[in-house]
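Engineer: no sequence on this one, just coordinates:
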Ligand SMILES: NC(=O)C1=CN([C@@H]2O[C@H](COP(=O)(O)OP(=O)(O)OC[C@H]3O[C@@H](n4cnc5c(N)ncnc54)[C@H](O)[C@@H]3O)[C@@H](O)[C@H]2O)[C@@H](O)CC1
Ligand SMILES: [K+]
C-alpha cells in the first residue's frame, strides 16, 4: 500500500525530530534522496554525471534548502550546478554548502527572468525547488514569469532536459492536488517521508510525472494516511481465490441490470467484464431483445426478464447503458439498491437513486456525472470545478450520499464516507474508449459478489469494514487499468477496445495474483516509483 498525507500531517511528523535538533539531518537525507534519484535516472539512460549541468530553481523556504543541498551533492559528483534564487533570501546553510561545492548563484531579483529561463532550459537537469509543503497558493511575480518561461522553452525542446520536482511541483497544492498555474511539469517527483495527497490526485498528478518516495526517518510519526494506493502486492493479497470445494454459487453470483434497447452493447460489456473477473455466475435482467444479445455474446450468462426480487445474487450491477426513459430498468435498479445487497451503480442509475445510501453502494461517475450528482445534492460544483479539485469533490459526494464514490479518470479516486480515499493510476489513456466504463462496472460488480462479505480479508490489511467497499472498488479499478495496459502492450502500445480490456482481465488477474507476496512486501512502496 502506498500512503499519502497532507502537508500538515508530514510537518507534524517532522516536529519531534525538529525538536531534537535534527532539522538539518532531515534536510540532508531528503537532498541525498533527490541527488541519488537524479544520478540513477541518468544512469538508466546510459548517461553519466560528470560534466552534466544542473539548474536548481530555488525558493526561500526549506524546499529550496533541499534543492541547494541536492545540487551540492551533485556538484561533488562532477556536475556543473547553477541556482536561481527566486526569493530575497535562501536557506543559509544550504546556500553556503552549495557555494562551497562550487555552485554558481543567480538572483532573480534584478535579472531579466527570460535570460535566466533560457539558461535553465539548456541544463541537462532542472530541479524545481521553489515551493514545497509550506506554499500558500502558487508562484507569483518574477518567479511565476521564470517558471512559465522555462516550461514553455522545455515544451518546445523535444524533451532533452530532465525535470525533477523537489517534494512536489511548485504550484501543486500538497493537500488537494489543485494546480495554481504556472507549474513546471516534472518527469519525476522525489517526495520526502511520504507521498503528498496532491501527487495522487488530478490535476496535480498531471504535473508530477513518476513519483518516488524517499524515507527520511519521520515515517513512524506519520498518522493513518488520508489517501492510499493499492500496489501489486496488495492486489495479490486482496484478490479472492476459489476454495478447493467452491461451487459457482459459493464463488459469488452477480445480478446485472444494464443495457436498454437503445444501448444494448453496455449489457454485453458489463457481463463480459464480470465473467472475466472471476465471478461464479452472472444473472442478467433486462428487455428481451437485450437479453437475446447477451445470450449470444455470453452463453455463460443466465438471462431473464423478471424482477430483482426473483433473483438470488450476492451483489448487483445497475445502470450501464440506461437512460431516464428506460423506466422498467430504472425500477429494477432502485429495487436492487433497496435489497440492501452490495451494488455498483453506474451511468443511468446515478440520477435515479435515493439521496441517502450506505457505503456498500458504489457509485461510479465520471467528472460530468459527479458534478450533476453534487448539484442534485444542492452543491454548486460544475464539471470544471470537479476537474480542478477531484479529491475534494469525490470526498464531498461520498460524505453527502453516504455511498462509496469512484470517480473515473486518468487517476481514479475512490472515496469512502469516512473520508478515506484510494487513488489508482494503473491504466493508459487508451482506456478512454466507449464501453470501457461498462467493463469496469462489471469488474467491480464481480468483486463485490466475490469478496463483499469477506470482512476479514480487508481488516487483515488494516482496512476498516465500512472502507472495504472502497478497497474493492479500488481493486476493480486497478485490475481494469492493468488489463487495459496489458491489452495495449500486446498491441505494441496501440489502442484497445472495451472488449479487448475484458479479454485481458483473466491473464492480468493471473499475473498479479501469482506474484510472490513476501518478496513484494519487502520491497516496500517507500522506495518504489508509484508509476
Ligand atoms: N521541515 C523539515 O524538517 C523538512 C522539510 N523538508 C522540505 O521543506 C519543505 C517545506 O518547507 P517550508 O515550510 O519552508 O515551506 P516551502 O519551502 O514550501 O516555502 C515556504 C516559504 O515560501 C514562502 N511562500 C509561501 N507561499 C509562497 C508563494 N505562493 N510564493 C512565494 N513564496 C511563498 C513562505 O513565506 C515561506 O518562506 C518541504 O516541502 C520539503 O521540501 C525536507 O527538507 C525534509 C525536512
Ligand atoms: K518544489
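Structural biologist: Perfect, I can see it now. Here the structure is a predicted model, which is why all the values come from computation and not from measurement. Ligands and ions are numbered 1, 2, ... in the order given.

Engineer: what is residue 302 paired to in the beta sheet?
Structural biologist: With DSSP bridges as the criterion, the beta-bridge partners of residue 302 are residue 283.

Engineer: show me what contacts the closest residue to residue 496 other than its chain neighbours?
Structural biologist: The shortest distance from residue 496 to any non-neighbouring residue, by Cβ to Cβ, 6 or more residues apart in numbering, is to residue 487 (4.2 Å). No exception for glycine: its C-beta is placed from N, CA and C like everyone else's. When contacts are counted by Cβ atoms under 8 Å, 6 or more residues apart in numbering, residue 487 touches 430, 496, 500-501, 503-504.

Engineer: please apply the same query to residue 458.
Structural biologist: Residues near residue 458 by Cβ under 8 Å, 6+ apart: 238, 465, 467-468, 471.

Engineer: which among the contacts of residue 487 gets closest to ligand 2?
Structural biologist: residue 430 (30.8 Å; Cβ to the ion).

Engineer: now that closest one, what's its secondary structure?
Structural biologist: helix (DSSP: H, G, I helix; E, B strand; the rest coil).

Engineer: which one of the contacts of residue 487 sits closest to ligand 1?
Structural biologist: Of all the contacts of residue 487, residue 430 has the smallest distance to ligand 1: 34.2 Å, by Cβ to the nearest ligand atom.

Engineer: spatially nearest residue to the residue in the stretch 351-500 of the chain that ligand 2 sits nearest to, not counting backbone neighbours?
Structural biologist: In the stretch 351-500 of the chain, the residue that lies nearest ligand 2 is residue 391 (19.2 Å; Cβ to the ion). Once flanking residues are discounted, residue 391 sits nearest to residue 201: 4.0 Å by Cβ to Cβ, 6+ apart.

Engineer: tell me which element that neighbour falls in.
Structural biologist: Of the helices and strands defined by DSSP states H and E, none includes residue 201.

Engineer: that one and residue 368: what is the separation?
Structural biologist: Computed as Cβ to Cβ, to the nearest Å, the residue 201 to residue 368 distance reads 18 Å.

Engineer: neighbour-wise, which of those two wins?
Structural biologist: Using other Cβ atoms under 10 Å, the more surrounded residue of residue 201 and residue 368 is residue 201, with 31 against 12.

Engineer: could you report the distance from that one to residue 130?
Structural biologist: From residue 201 to residue 130 the distance is 21 Å (Cβ to Cβ).

Engineer: check which residues of stretch 81-92 are buried.
Structural biologist: 81-87, 90-91 (16 or more other Cβ atoms under 10 Å).

Engineer: please apply the same query to stretch 127-147.
Structural biologist: In stretch 127-147, counting by 16+ other Cβ under 10 Å, buried: 127-133, 135, 138-139, 142-147.

Engineer: so residue 87 is in which element?
Structural biologist: Assigned by DSSP H and E, residue 87 belongs to no helix or strand.

Engineer: the nearest residue to it once chain neighbours are set aside is in what secondary structure piece?
Structural biologist: Leaving aside its sequence neighbours, residue 87 sits nearest to residue 60 (Cβ to Cβ, 6+ apart; 3.1 Å). Following DSSP H and E, there is no helix or strand that holds residue 60.

Engineer: do the same with the one 3 residues further on
Structural biologist: Following DSSP H and E, one finds residue 63 within helix 62-76.

Engineer: got it, and residue 213?
Structural biologist: Per DSSP H and E: residue 213 is located in strand 210-214.

Engineer: for that strand, buried residues please.
Structural biologist: 211-214.

Engineer: with stretch 336-344 instead?
Structural biologist: In stretch 336-344, counting by 16+ other Cβ under 10 Å, buried: 336-337, 339, 341-344.

Engineer: tell me which two in these are the farthest apart.
Structural biologist: Maximum pairwise distance among those (Cβ to Cβ): 13.3 Å, between 339 and 344.

Engineer: mutual contacts of these two, please.
Structural biologist: residue 316.

Engineer: residues touching the nearest residue to residue 397 once chain neighbours are set aside, list them.
Structural biologist: Nearest residue to residue 397 in three dimensions, chain neighbours excluded: residue 405, at 4.5 Å (Cβ to Cβ, 6+ apart). Counting by Cβ under 8 Å, 6+ apart, residue 405 makes contact with 362-363, 365, 370, 394, 397-398, 414-415.

Engineer: make sure residue 405 is indeed in a helix.
Structural biologist: No: the assignment for residue 405, made by three-state DSSP, is strand rather than a helix.

Engineer: any idea how far residue 221 is from residue 109?
Structural biologist: With distances taken as Cβ to Cβ, residue 221 is found 37 Å from residue 109.

Engineer: so for these two, which sits in the more crowded spot?
Structural biologist: residue 221 (15 against 11).

Engineer: for the more buried one, which residues are in contact?
Structural biologist: When contacts are counted by Cβ under 8 Å, 6+ apart, residue 221 touches 12-17.

Engineer: list buried residues within the residues you listed.
Structural biologist: Buried among those (16+ other Cβ under 10 Å): 13-14, 17.

Engineer: so which of these are in helices?
Structural biologist: The helices, defined by DSSP state H, take in 13-14, 17 from those.

Engineer: wait, residue 346 touches residue 435, no?
Structural biologist: No: applying Cβ atoms under 8 Å, one finds residue 346 not in contact with residue 435, separated by 11.8 Å.

Engineer: would you mind telling me which of those two has more residues around it?
Structural biologist: Counted by other Cβ under 10 Å, residue 346 and residue 435 do not tie: residue 346 has more neighbours, with 32 against 22.

Engineer: quick check: domain ranges of the chain?
Structural biologist: The record's domain split for the chain, according to automatic domain parsing, is 2-229, 233-510.

Engineer: that older thread, within reach of ligand 1, which of the contacts of residue 221 are there?
Structural biologist: residue 14 (Cβ under 6 Å from any ligand atom).

Engineer: out of the contacts of residue 221, which is nearest to ligand 1?
Structural biologist: Closest approach to ligand 1 among the contacts of residue 221 (Cβ to the nearest ligand atom): residue 14, at 4.3 Å.

Engineer: now name the helix or strand holding residue 95.
Structural biologist: Going by DSSP H and E, residue 95 is part of helix 92-100.

Engineer: could you give the mean pLDDT of that helix?
Structural biologist: Here helix 92-100 scores 98 as its mean pLDDT.

Engineer: what comes into contact with stretch 324-332?
Structural biologist: For stretch 324-332, contacts defined as Cβ under 8 Å, 6+ apart pick out 257-262, 285-287, 307-308, 318, 322, 348-349, 351-352.
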